[in-house]
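In: sequence first, then the predicted structure:
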Amino acid sequence: MSILVFIEQRDGRVRAVSREALGEATRLAAALGGPVVGVCPAATDPGLAALGEAGAERVLLAAHPAFAAYDAAGYARAVAVAAETLKPALVLFGASTMGRDLAPRVAARLGAGLASDCIALAVEGGRLVASRPVFAGKALQKVAFPKAPALATLRPKVFAPVALGGRSAAVEPLAVDFDAAASRAKVLRVAAAGAGKVDLTEAEVIVSGGRGMKGPEHFQLLEDLAAALGASVGASRAVVDAGWRPHSEQVGQTGKTVSPKLYVAVGISGAIQHLTGMTSSRCIVAINKDAEAPIFKVADYGIVGDLFEILPALTEAVGKLNAHA
Amino acid sequence: MIQVVCVKQVPDTETRVKVAADGRNLDPAGVTWVLNPYDEYAVEQALRVRDQQGGGEVVAVSVGGPGVLSALRNVLALGADRAIHLRTDLAAPDPLSLARALAAELRGLGAGLVWFGKQAVDDDQAQVGPMTAELLDLPCATMAAAFTLEGEKVIVEREIEGGREVVELTLPAVVTAEKGLNEPRYASLKGIMAAKKKTIEEKPAELGEPGLEVVALVLPPPRAAGRIVGQGPQAVAELVRVLREDAKVL
Ligand SMILES: Cc1cc2nc3c(=O)[nH]c(=O)nc-3n(C[C@H](O)[C@H](O)[C@H](O)COP(=O)(O)OP(=O)(O)OC[C@H]3O[C@@H](n4cnc5c(N)ncnc54)[C@H](O)[C@@H]3O)c2cc1C
Ligand SMILES: Nc1ncnc2c1ncn2[C@@H]1O[C@H](COP(=O)(O)O)[C@@H](O)[C@H]1O
């Protein structure tokens, strides 16, 4: 049985979450059987042959002028048609805003079960089991799928991509009967945030500030550290509610769930609703003047002290490291 | 216009999670139940649309056991006109079953707008809204952070990676509410009294075959205790060393 992977593109570029999903599909193909096949709704081919190196044997290109931007109804139809043709054991999506919007629609079309925001997939006793955080990360739920295909969205940055040097994927057209003129939902425009900003869910390194930063003007200290680390800036809800930083930077239960390689929490106490959004990070560093702050319970490394002294010293030390690299 | 708000009752977010004896569900002992926080934004927006239009009806619908009656009373106290309780004895039906049951009921209601929360904060699936829309073949915008209604069109803004997407829907349509969509009201004493006289109709939920089977609920392994590398700026050199040499993240 095959594994189908939704290939997400924006502005003609394949997103990292899709490479991560192809990586996981490649690992599961050993247990579930292959091949790994991609399906990509797009206006033009965003370089799909290159996904061979990421694990795809074939990619079905559902080309339609209306698919330049995300069209929920059209994309759902394309992915469902691919699944109905291929009859895969599993259909994977990245748990990006697009994947999380699209996957439930495809599941409803197929009458199949979907597990959202998974952090692990495994074949146990011959059946696929997906693990996913529930109750705001306070527990893990394991689910099985009574009916094929199984659908899952994968939390960004949790699954590693693969690199199969020199392989190229066969790109095949997929005919989708879709009348864009009859569409009752249209994307009118996409307003980009600050140019060159990496979204938190896709960042390798995040430095987040909390109420301990004392005011919006001090976030320059955090921006400086972020620049030295090549990081994106995050924030606690206290800071966002106070209007010091935009909601798009909020990490936590009512903000974003992030899993970077390195998460630096500065002047953040570590309330459960904040921890929910960041405990799947690979390495957590906490800087807080209160040695009893709960953030130290989840941090791999911590410094107790005044952030206004520590931040400039840390930025300088990282800067020196970069100069030597 | 008739508007339907689909609401779920969930454990309060402060709840300490304990696994039930079956090893698959939450132990309900000692749990305080509340209206799902995202559903509060959905309810509020529906009430505002009704006010804006100077009339119409807001109907609250919930699938579950007798416990959901308090969530429905809550929505009635906020100002909804009537409620429908789709009854099941299953502790936690999966999203596909819920969507089927809601879609079956919605087919007969003739709603112009159907509201959901972005996600339920217990199962965190974020599925029931868009699944129900697809089953009914209705246009749908998820994670609405801003909403305007102009005649037969709805304009929704949603936060996506690196920006904001503006979507236009033609009624009838489905919208799921994100935090920040509005500032939800509190129930007034008058509202609570009035709610007692409003009707809650009870019907069996038509769930159908489940799409998911929960095999286990486990507490996540705690992160191994970390290490305080030191106090104050003097500790920075040691922090940089461990990040580079031990954690290999620099
Ligand atoms: C339903 C619900 C949803 C929520 N969702 C979220 C969410 O998505 N994200 C989120 O973050 N929160 C969320 N919260 C809020 C959460 O409970 C906390 O209130 C919030 O995270 C606290 O933010 P903070 O750590 O910045 O502030 P505080 O808790 O006030 O902590 C500030 C910290 O800074 C330290 N500090 C102060 N001065 C200095 C200094 N000079 N040097 C070093 N350290 C210093 C203090 O010791 C303290 O630990 C939610 C709450 C609820 C009820
Ligand atoms: N049992 C239910 N009854 C009515 N509506 C529900 C129910 N469960 C979920 N919903 C709705 O679907 C949204 C998303 O839930 P979920 O897909 O479980 O994250 C919730 O915010 C509710 O609006």
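Out: Now that the structure is in, tell me what you want to look at. Ligands and ions are numbered 1, 2, ... in the order given.
In: residue in chain B nearest to ligand 2?
Out: Residue of chain B nearest ligand 2, by CB to the nearest ligand atom: residue B:117 (2.4 Å). In this view, the C-beta of every residue, glycine as well, is placed from N, C-alpha and C.
In: how about that residue, what does it touch?
Out: Residues near residue B:117 by CB atoms under 8 Å, 6 or more residues apart in numbering or on different chains: B:7, B:8, B:36, B:37, B:38, B:39, B:40, B:41, B:42, B:129, B:176, B:177.
In: 10 Å instead?
Out: B:5-8, B:10, B:35-43, B:126, B:128-129, B:176-179 (CB atoms under 10 Å, 6 or more residues apart in numbering or on different chains).
In: nearest residue to residue A:94 other than its sequence neighbours?
Out: Of all residues not flanking residue A:94 in the chain, residue A:17 sits nearest, at 2.5 Å (CB to CB, 6 or more residues apart in numbering or on different chains).
In: that neighbour contacts residue A:93, correct?
Out: Yes. Contact criterion CB atoms under 10 Å: residue A:17 and residue A:93 qualify, at 8.1 Å.
In: next, show the common contact partners of those two.
Out: Joint contacts of residue A:17 and residue A:93 (CB under 10 Å, 6+ apart) are A:6, A:7, A:8, A:99, A:153, A:154.
In: among those residues, name the ones in helices.
Out: Among the shared contacts of residue A:17 and residue A:93, the residues falling in helices (DSSP state H) are residue A:99.
In: among the shared contacts of residue A:17 and residue A:93, which ones lie close to chain B?
Out: residue A:153 (CB under 10 Å from any CB of the partner chain).
In: got the shared contacts of residue A:17 and residue A:93 as TSV, with neighbour count, pLDDT and distance to ligand 1 columns?
Out: Converted to TSV, the shared contacts of residue A:17 and residue A:93 look like this (neighbours: other CB atoms under 10 Å in any protein chain shown; pLDDT from 0 to 100; distance: CB to the nearest ligand atom, whole Å):
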residue	neighbour count	pLDDT	distance to ligand 1
A:6	27	98	27
A:7	31	98	30
A:8	26	98	25
A:99	23	98	21
A:153	31	98	20
A:154	30	98	21
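In: tell me which of the shared contacts of residue A:17 and residue A:93 fall in strands.
Out: A:6, A:153, A:154 (DSSP state E).
In: turn those residues into a markdown table, including distance to residue B:231.
Out: Output for these, formatted as a markdown table (distance: CB to CB, whole Å):
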| residue | distance to residue B:231 |
| --- | --- |
| A:6 | 49 |
| A:153 | 43 |
| A:154 | 40 |
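In: low-confidence ranges, chain B, go.
Out: Applying pLDDT under 70 to chain B flags no residue at all.
In: what's the spacing between the closest residue to chain A within chain B and ligand 1?
Out: Here the residue of chain B nearest chain A is residue B:211; by CB to the nearest CB that distance is 2.8 Å. Per CB to the nearest ligand atom, to the nearest Å, residue B:211 is found 28 Å from ligand 1.
In: coming back round to it: give me the nearest residue to the residue of chain B closest to ligand 2, chain neighbours excluded.
Out: residue B:38 (3.0 Å).
In: could you do residue B:123 as well?
Out: Closest residue in space to residue B:123, ignoring its immediate chain neighbours: residue A:134 at 5.5 Å, by CB to CB, 6+ apart.
In: tell me how many other residues surround residue A:94.
Out: Residue A:94 has 30 neighbouring residues, counting by other CB atoms under 10 Å in any protein chain shown.
In: residue A:216 too?
Out: Neighbour count of residue A:216, defined by other CB under 10 Å: 13.
In: okay, it and residue B:126: tell me how far apart.
Out: According to CB to CB, to the nearest Å, residue A:216 stands 31 Å off from residue B:126.
In: kindly report the same for residue B:215.
Out: 21 Å.
In: swap in residue A:183?
Out: Counting by CB to CB, the gap from residue A:183 to residue B:126 is 23 Å.
In: beta-bridge partners for the nearest residue to residue A:249 once chain neighbours are set aside, please?
Out: Distances taken as CB to CB, 6+ apart place residue A:235 nearest to residue A:249, at 4.5 Å, with adjacent residues excluded. Taking DSSP bridges as the rule, residue A:235 bridges to residue A:209, residue A:250.
In: about what we covered before: for ligand 2, state which of the ones in strands among the shared contacts of residue A:17 and residue A:93 is nearest.
Out: Set against ligand 2, the nearest of those by CB to the nearest ligand atom is residue A:153 (12.1 Å).
In: the closest one is in contact with residue A:121, isn't it?
Out: No. Look at residue A:153 against residue A:121 with CB under 10 Å: they stay out of range, at 11.1 Å.
In: quick one: common contacting residues for the two?
Out: Joint contacts of residue A:153 and residue A:121 (CB under 10 Å, 6+ apart) are A:92, A:115, A:130, A:132.
In: so who does residue A:229 touch?
Out: A:204-207, A:262, A:264, A:314-315, A:318-319, A:321-322, B:243, B:249-250.
In: between these, which sits nearest residue B:138?
Out: Closest approach between the contacts of residue A:229 and residue B:138, by CB to CB: residue A:206, at 37.1 Å.
In: quick one: residues contacting the closest one.
Out: A:198, A:200, A:226, A:229, A:231-234, A:249, A:251, A:256, A:258-265, A:278, A:281.
In: list the buried ones in the helix or strand that contains it?
Out: Using DSSP states H and E, residue A:206 falls within strand A:205-209. If you call a residue buried by 16 or more other CB atoms under 10 Å in any protein chain shown, then strand A:205-209 has these buried ones: A:205, A:206, A:207, A:208, A:209.
In: over to stretch A:168-182?
Out: Applying 16+ other CB under 10 Å to stretch A:168-182 flags A:169, A:171, A:174, A:176, A:178 as buried.
In: got a markdown table for those, with pLDDT too?
Out: Listed next are those as a markdown table, based on pLDDT from 0 to 100:
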| residue | pLDDT |
| --- | --- |
| A:169 | 98 |
| A:171 | 98 |
| A:174 | 97 |
| A:176 | 91 |
| A:178 | 89 |
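In: ok now the longest helix anywhere in chain B, how far from the chain's centre?
Out: The helix that spans the most residues within chain B, counting by DSSP H, is helix B:37-53. How far helix B:37-53 lies from its chain's middle: 13 Å, per CA atoms, centre = their mean, to the nearest Å.
In: pull up the distance across stretch B:122-132, start to finish.
Out: Length of stretch B:122-132, first residue to last, CA to CA, to the nearest Å: 19 Å.
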